[in-house]
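# next come a sequence and a model predicted from it.
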Amino acid sequence: MNKIALITGAAGGLGRAVAAELVAEGWRLIVVSRDAGRLAEAYGAAHLQIEADCSSVAGVRKVFEQAAAADLRPAALAHCVGNIRLGPVHRMSEADFDDCLRANLVSAFHTLGGFVGALREARSPGAAVLVSSVAAQIGTPNHEAVAAAKAGVEGLVRGAAASHAAVGIRVNGVAPGIMDTPATSAILASAAGRDAVARQYPLPGLGSAQELARLMAWLLSDRAARVTGQVWAMDGGFAQIRPLVK
């Protein structure tokens, strides 16, 4: 596999962490965000930086056209675009729900489509990792919108993995609990809020973007060459176990 990776949502906390992991492992990067200024702030003049909206076909096409013009053809995709929209289903506005779907599911669908299409045209193998959430695996209050979007992402992982395994394209997902990143700053704004979130996990504490990035980098590497169609939970056991109550 050539060691060129595409990271979407690259200006966010998780995207930056994935970039750091992949650079340490010798990958060349294409980094994408809707905000060119945030990309420059994060990476300076390093890497191929592309301003594009991955929730549209036109935006994804722009990414792959600019990458090809730079003679960079990614063999790995870390799709880190997403947002969190919390609220019960009967109070969620149409605009917030649509925004949640576009950021989390629609962007994943179109970006993966562009990536797989480019690999298949080049007759090359590759690997992609999409980001789900523990909320897609176990019901949690006020997470209806993001749970629906991320459950779609998990279905996309399995369907795409099945469609493209025969040509050496692997597709996996990761499902974290709440991580301490800029995206969750409102949820974790107070000390009491942070403590309440940390205590809900069987393994107490908050996850970090760096921990999840290490898992994503492994899934993109040749070390995971026999792994596809999986969604890997990194949630402190939240979705699968209950601790002993004392």
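It's in.
# what residues of whichever helix in the chain runs longest count as buried?
With secondary structure taken from DSSP state H, the chain has its longest helix at helix 144-164. Judged by neighbour count using 16 or more other Cβ atoms under 10 Å, the buried positions of helix 144-164 are 144-154, 156-158, 160-161, 164. From N, CA and C alone the C-beta is placed, and that goes for glycine too.
# residue ranges with poor pLDDT in the protein?
Within the chain, the ranges that satisfy pLDDT under 70 run 1, 181-190, 192-198, 245-246.
# where along it do the strands fall?
Counting by DSSP state E, the chain has strands at residues 4-8, 28-33, 48-51, 76-79, 126-131, 169-176, 231-234.
# save the ones you listed as JSON lines, and put in mean neighbour count and distance to Asp222 too.
JSON lines is the format used below for those (neighbours: other Cβ atoms under 10 Å; distance: least, Cβ to Cβ, whole Å):
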{"stretch": "strand 4-8", "mean neighbour count": "26", "distance to Asp222": "13"}
{"stretch": "strand 28-33", "mean neighbour count": "24", "distance to Asp222": "16"}
{"stretch": "strand 48-51", "mean neighbour count": "20", "distance to Asp222": "23"}
{"stretch": "strand 76-79", "mean neighbour count": "28", "distance to Asp222": "10"}
{"stretch": "strand 126-131", "mean neighbour count": "27", "distance to Asp222": "9"}
{"stretch": "strand 169-176", "mean neighbour count": "24", "distance to Asp222": "10"}
{"stretch": "strand 231-234", "mean neighbour count": "19", "distance to Asp222": "17"}
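# nearest to Val116 among these would be which one?
Set against Val116 and scored by Cβ to Cβ, the strands of the chain come closest in strand 169-176, at 6.0 Å.
# and the closest residue to Gly236 other than its chain neighbours, what does it touch?
Closest residue in space to Gly236, ignoring its immediate chain neighbours: Tyr201 at 3.3 Å, by Cβ to Cβ, 6 or more residues apart in numbering. Contacts for Tyr201 (Cβ atoms under 8 Å, 6 or more residues apart in numbering) come out as 177, 235-238.
# pull the most distant pair out of these.
Among these, the pair separated by the greatest distance (Cβ to Cβ) is Gly177 and Gly237, at 9.2 Å.
# the more surrounded of those two?
In this view Gly177 and Gly237 are compared by other Cβ atoms under 10 Å, and Gly177 has more residues nearby, 24 against 14.
# how far away is the spatially closest residue to Ala151 that is not a sequence neighbour from Asp180?
What sits nearest to Ala151 in space, not counting adjacent residues and going by Cβ to Cβ, 6+ apart, is Ala136, at 4.3 Å. Taking Cβ to Cβ, to the nearest Å as the measure, Ala136 falls 20 Å from Asp180.
# more neighbours: which of these two?
Counting neighbours by other Cβ under 10 Å for Ala136 and for Asp180 shows that Ala136 has the greater number, 24 against 19.
# surely the residue nearest to Ala151 meets Ala175?
Yes - assessed by Cβ atoms under 8 Å, Ala136 is found in contact with Ala175 at 6.5 Å.
# need the residues touching each of these two.
Joint contacts of Ala136 and Ala175 (Cβ under 8 Å, 6+ apart) are 150, 154.
# list the contacts for Ala224?
Here Ala224 is in contact with 127, 170, 172, 218 (Cβ under 8 Å, 6+ apart).
# how about these, which pair is most distant?
Between all members of the contacts of Ala224, the farthest pair (by Cβ to Cβ) comes out as Arg170 and Trp218, at 12.0 Å.
# Pro243 versus Ala10, what's the distance?
Using Cβ to Cβ, one gets 36 Å for the distance from Ala10 to Pro243.
# higher neighbour count, the two?
A direct count of neighbours by other Cβ under 10 Å for Ala10 and Pro243 places Ala10 higher, at 26 against 11.
# OK, contacts around the more buried one?
Under the criterion of Cβ under 8 Å, 6+ apart, the contact partners of Ala10 comprise 16, 18-19, 29, 31-33, 39, 42-43, 80.
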